[in-house]
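J.: Just to be clear, the model below is a prediction. Sequence and coordinates:
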Amino acid sequence: MSVFGSRLLTGSVLAVIGLITVKVLMALFGAIWGFLSFMMFTVLPIALVVWLGWKVLKHLGNDKKPAYD
């Protein structure tokens, strides 16, 4: 094999490895972005509503006077 052929083969192998690496990183960042979007737009609003409802119920159920009065 000539010098040019070995360089071409080495470059091709490195290019394929680079493309696979880029594809894996894009998939990883896409999965992280999808998970964070799911948390932000579905779980977080539900948790906020539950937390606010808990605070309102706790406030409405507190009819006794404070001990320091």
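T.: Looks like it arrived, so ask away. Values in this document were obtained by computation on a predicted structure and should not be read as measured data. Numbers count the residues shown, from 1 in each chain.
J.: ranges for the helices of the protein?
T.: For the chain, the helices defined by DSSP state H cover 3-38, 44-60.
J.: could those helices be laid out in CSV, adding mean pLDDT and mean neighbour count?
T.: C-beta here means a position set from N, CA and C on the backbone, and glycine is covered the same way. CSV is the format used below for the helices of the chain (pLDDT from 0 to 100; neighbours: other CB atoms under 10 Å):
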stretch, mean pLDDT, mean neighbour count
helix 3-38, 96, 10
helix 44-60, 92, 10
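J.: Got the confidence number for residue 67?
T.: What the model reports for residue 67 is a pLDDT of 63.
J.: ugh, wrong one, residue 63
T.: 68.
J.: Could you do residue 2 as well?
T.: Looking at residue 2, the pLDDT reads 87.
J.: Please report phi then psi for it.
T.: The phi/psi pair for residue 2 (degrees, to the nearest 10) reads phi -80, psi 170.
J.: could you measure residue 17 against residue 50, distance?
T.: Distance of residue 17 to residue 50, given as CB to CB, to the nearest Å: 48 Å.
J.: Correction: the previous question concerned residue 39.
T.: Between residue 39 and residue 50 the distance is 15 Å, computed by CB to CB.
J.: Also residue 16?
T.: Going from residue 16 to residue 50 by CB to CB gives 50 Å.
J.: Ok, residue 10 next?
T.: 58 Å.
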